[in-house]
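> Structure for the following, please:
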Amino acid sequence: MLKKLLKYLSSVRFTIVLICLLALTFMIGLWVPQVSLVKVMYLQWKSNSPALVSFLDALWLTSIYTSPITVTLWVLFFLNLSLVMWQRVPLVRSRTSLSTTKIVNPTTAGGYSFRNSYPVPEGIDNDAVIGFLHKNGYAVVGNGDGFYGVKNRLSPIASLLFHLSFFLILLGGLVTIYTTFIGYLDLAQGESFQGELGRYNARPIPLLPKVGTIPKASFTVKSIVPHVVKNTPTGIDVELVDGAGRAHTAGINIPYIVDNTSFVFKHLGVAPLFVVKDPSGKEIDGAYSKLDVMLGRQDSFSLAGFVFRANFYPDYTLEGGVASTRTQEFKNPVFAIEVERDGKKIAKGTVPKNGAMTFAGYRLEMKEMPFWVRFYVIKERGISILYTGFAIASLALIWKLLLYRREMVGAIREEGGRRLLVVACRAEYYKSLAEDEFIKLFNKFTNNSTGE
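Here you go, the predicted model:
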């Protein structure tokens, strides 16, 4: 009973069934809104159609990726793959072994596509062919009266390695899919982050892991220093200090990595400290505002009941009454501000770094102008497994295709008063190329008076 069960679990039919069922599972995940992916929409959907959603919840269709059925299918799939690999071990062991049972008659041996006879030079004993083959990279058993030789004897192991890589790639992909977190995080100079989910940008909505936790990170942005030459950004240094007091630097293509999570620099902005003073000079409101105003974009902020629409010029100049920037370098940073109240524009002006503008008896001052950065945050636990799988697959293919297997059986016989080396040969790949190699090999033996 157990043997029949194992045979079915390792069969191709069972593999196909599992692949079809897993494909159906992922199609359901695309059709039915999943709680982990669209939580806000899911709650709205549930309030509008409580009976339908409750029915789908009961069948685990709204969390299909982590449902008991899907987990069971994945367990069976990896069990099937493991059994297939295990069954191939005896075959690989048999193919890599050297045994006298593989010595057969080269004239009648089946499966050998290349057959020929070669005269043996005078003065060469029958066993000289064995040493000749050894020197040309063949492992040989037998003697001149009958032998079996193979080159690249261990190449069948590459098949096992390729199956192993497939296992690792699937495992790595599965771990990645189920544990991936993706979000965007805006942090200004001097700001600290303790890993709170609520600190991530609401748009786009963070992609939460189906299994596992969100990134565990704790650090403070110590400084942000952009590097710009005229109109070309050349780099950025984001100095971070983690919870243990260790310093780290993030930049373009240099992520900060912690807890299998990469904090990748994505975007730069300015976060000026603006304060509003009333006509008596009393400060009535103030805040740091993360403004996305680089490269001509407009952004806005609100203070003291006013709305301020801001354009930013890193290297401000006024030509013909039109504001512009000479370069993207931060040589003369100036904000062009339009002030609105109750939807009506009431004033406009400019505020240079550490400067101010007046409007309707009030005063808007810029006290500081630090920068802020947007991090693309991604946590993936299966990437190292994936890379390992692809590396092993590449190694296995190179081994299998470049160091391909060649086999031969042969014997030295007396025919018509002459000694002939009778051989039958085959190669795993590249039949024509291998036949040319066999011809050159045995012609070399025939023309070599010493047999070496």
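> Output the below-cut-off pLDDT ranges for the stretch 251-400 of the chain.
By pLDDT under 70, the stretch 251-400 of the chain has no low-scoring segment.
> quick one, strands of it?
Using DSSP state E, counting those that start in this stretch, the strands of the stretch 251-400 of the chain run over 256-258, 261-270, 273-277, 283-288, 299-303, 306-313, 316-319, 322-325, 334-341, 344-352, 356-359, 362-368, 371-379.
> now those as a markdown table including mean neighbour count and distance to Leu5?
(C-beta placed from N, C-alpha, C; glycine too.) A markdown table is the format used below for those (neighbours: other C-beta atoms under 10 Å; distance: least, C-beta to C-beta, whole Å):
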| stretch | mean neighbour count | distance to Leu5 |
| --- | --- | --- |
| strand 256-258 | 17 | 45 |
| strand 261-270 | 19 | 42 |
| strand 273-277 | 19 | 71 |
| strand 283-288 | 15 | 66 |
| strand 299-303 | 15 | 65 |
| strand 306-313 | 20 | 70 |
| strand 316-319 | 13 | 78 |
| strand 322-325 | 13 | 74 |
| strand 334-341 | 19 | 74 |
| strand 344-352 | 14 | 77 |
| strand 356-359 | 17 | 81 |
| strand 362-368 | 17 | 72 |
| strand 371-379 | 21 | 39 |
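> Same list (those strands) but as TSV, adding distance to Asn231.
TSV is the format used below for the strands of the stretch 251-400 of the chain (distance: least, C-beta to C-beta, whole Å):
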stretch	distance to Asn231
strand 256-258	28
strand 261-270	15
strand 273-277	27
strand 283-288	27
strand 299-303	21
strand 306-313	13
strand 316-319	14
strand 322-325	9
strand 334-341	17
strand 344-352	21
strand 356-359	27
strand 362-368	24
strand 371-379	18
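> Of all those, which one comes closest to Ala58?
Closest approach to Ala58 among these (C-beta to C-beta): strand 371-379, 31.0 Å.
> now the angle from the closest one to strand 283-288?
40 degrees (axes from the mean of the first three to the mean of the last three C-alpha atoms, to 10 degrees).
> Now do strand 371-379: which elements does it pack against?
Judged by 3 or more C-beta pairs under 8 Å, 6 or more residues apart in numbering; DSSP states H and E, strand 371-379 is in contact with strand 181-188, strand 219-229, strand 261-270.
> Next, the distance between the ends of stretch 294-304.
25 Å (C-alpha to C-alpha, to the nearest Å).
> Can you give me the domain boundaries for the protein?
With domains defined by automatic domain parsing, the chain comprises 2-80, 97-155+403-447, 178-269+374-381, 273-366.
> mind putting those in JSON lines, distance to Ser165 included?
Formatted as JSON lines, the domains of the chain follow (distance: least, C-beta to C-beta, whole Å):
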{"stretch": "domain 2-80", "distance to Ser165": "14"}
{"stretch": "domain 97-155+403-447", "distance to Ser165": "16"}
{"stretch": "domain 178-269+374-381", "distance to Ser165": "19"}
{"stretch": "domain 273-366", "distance to Ser165": "44"}
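> Identify whichever of the ones you listed lies nearest to Gly389.
domain 2-80 (13.2 Å).
> Endpoint to endpoint, the closest one covers what distance?
Per C-alpha to C-alpha, domain 2-80 runs 15 Å from first to last residue.
> average pLDDT across it?
The average pLDDT within domain 2-80 is 81.
> Of all the strands of the stretch 251-400 of the chain, which one is nearest Thr179?
Going by C-beta to C-beta, the one of these nearest Thr179 is strand 371-379, 7.1 Å.
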